[in-house]
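S.K.: Let's see this in three dimensions:
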Amino acid sequence: MTAALHATTIATPRQVERLIQGVATREGAGVNLTRLLTRDLQRRLDPFLMLDAFASDAAEDYIAGFPDHPHRGFETITYMLEGRMRHRDSAGHEGLLEAGGVQWMTAGRGVIHSELPEQQEGRMEGFQLWLNLPGRDKMRDPWYRDIPAAEIPLVESPGVQVRVIAGERHGVAGAMQRDVTQPLYLDVQLAPGADFEQALPDTHNAFLYVYRGGVRFDSGCLVGSGRMAILANTPGSDGLRFTAAEEGARLILVAGQPLNEPIAQYGPFVMNTEGELLQAVRDFQAGTFA
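M.R.: You can find the predicted model right below:
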């Protein structure tokens with residue numbers, strides 16, 4: 001789906017609160033990645049719990065993948081720019097994530113899944129975002145959806161192409177919606193010097209990650225490739241505005257309505273209380289996940 005639209009003028013744009021340098025880490029069976037949203041940012045960026053970026057042309061950086069592992073209490077959103085990854089889980093879901101596609105999984109009361117590369121060479125690049133569930137939904141049944149690239153709306157304006165994974169842009173609804181957290185997830189491509197605007201409620205927490213080129217805000221702040229920018233929660237702001245650097249830019253923009261609930265995390269389990277975490281561990285050990 002493609003729509004050609006003009007931007008809405010933002011009167012009171014947000015500026016950059018701070019820049020984040022990601023932390024190199026290894027997860028799964030030995031996958032190299034960069035963790036951008038770490039646990040110390042979870043309250044600030046509520047309802048989001050984690051953002052990992054992975055990008056490599058070397059198979060040894062990703063080939064081991066993520067064998068069977070459990071989750072409870074949140075959603076995982078995996079967006080693939082390049083490469084192929086197979087998902088299987090204990091609730092009976094299976095899907096192949098390919099370039100430009102998204103896998104959206106609700107762990108709910110508990111699921112065990114694997115994410116394994118289906119390639120022996122070539123580039124693998126993408127992101128995994130963790131989105132918290134409200135306490136009332138943490139014990140819901142697991143759910144899963146594959147979203148092929150062709151099902152993600154593309155909204156275009158001069159010098160701007162935006163893939164709307166979740167939320168809305170200029171009246172075009174994204175591939176996914178969530179009523180409580182109201183996530184916005186955009187993949188933005190800008191031509192050199194192109195201006196970008198996006199409406200956004202001032203109640204939402206928001207950040208962006210530049211993975212090609214760079215963008216500059218009205219304040220003069222330059223967000224270069226490999227940097228995440230947390231956007232200030234300015235009362236009365238109606239959105240954000242920035243301009244691509246002379247080399248252009250590619251970035252993801254993420255925002256959502258905070259839950260303002262306690263966050264209790266033990267590895268792959270995210271609940272509201274320590275007691276609920278202990279129960280999650282017991283349930284997993286007892287084999288009662290889906």
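S.K.: count of residues packed around F269?
M.R.: 23 (other Cβ atoms under 10 Å). (Each C-beta comes from the backbone N, C-alpha and C, glycine too.)
S.K.: In contact with the spatially closest residue to it that is not a sequence neighbour, which residues?
M.R.: Leaving aside its chain neighbours, F269 sits nearest to A280 (4.2 Å; criterion: Cβ to Cβ, 6 or more residues apart in numbering). Contacts for A280 (Cβ atoms under 8 Å, 6 or more residues apart in numbering) come out as R72, G73, G110, Y266, F269, M271.
S.K.: Do I have it right that the last one meets V281?
M.R.: No - taking Cβ atoms under 8 Å as the contact criterion, M271 and V281 are not neighbours in contact, 10.5 Å apart.
S.K.: Could you check which of those two is surrounded by more residues?
M.R.: Using other Cβ under 10 Å, the more surrounded residue of M271 and V281 is M271, with 25 against 14.
S.K.: returning to what we had before: A helix includes the residue nearest to F269, no?
M.R.: Yes - assigned with DSSP: H, G, I helix; E, B strand; the rest coil, A280 falls within a helix.
S.K.: Throw the contacts of A280 into JSON lines and include distance to I63, pLDDT and secondary structure, thanks.
M.R.: Shown next, in JSON lines, are those (distance: Cβ to Cβ, whole Å; pLDDT from 0 to 100; DSSP: H, G, I helix; E, B strand; the rest coil):
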{"residue": "R72", "distance to I63": "28", "pLDDT": "98", "secondary structure": "strand"}
{"residue": "G73", "distance to I63": "29", "pLDDT": "98", "secondary structure": "coil"}
{"residue": "G110", "distance to I63": "28", "pLDDT": "97", "secondary structure": "coil"}
{"residue": "Y266", "distance to I63": "28", "pLDDT": "96", "secondary structure": "strand"}
{"residue": "F269", "distance to I63": "27", "pLDDT": "98", "secondary structure": "strand"}
{"residue": "M271", "distance to I63": "33", "pLDDT": "98", "secondary structure": "strand"}
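S.K.: which residues of this structure fall in helices?
M.R.: 274-285 (DSSP state H).
S.K.: Can you pull the poorly scored residue ranges out of it?
M.R.: Applying pLDDT under 70 to the chain picks out residues 1-8.
S.K.: ok, and what's touching stretch 24-36?
M.R.: By Cβ under 8 Å, 6+ apart, the surrounding residues in contact with stretch 24-36 are 20, 22-23, 50-54, 56, 61-62, 64-67, 69, 115, 209, 226, 228.
S.K.: Give me the subset of the residues you listed lying in strands.
M.R.: 20, 23, 50-54, 56, 66-67, 69, 115, 209, 228 (DSSP state E).
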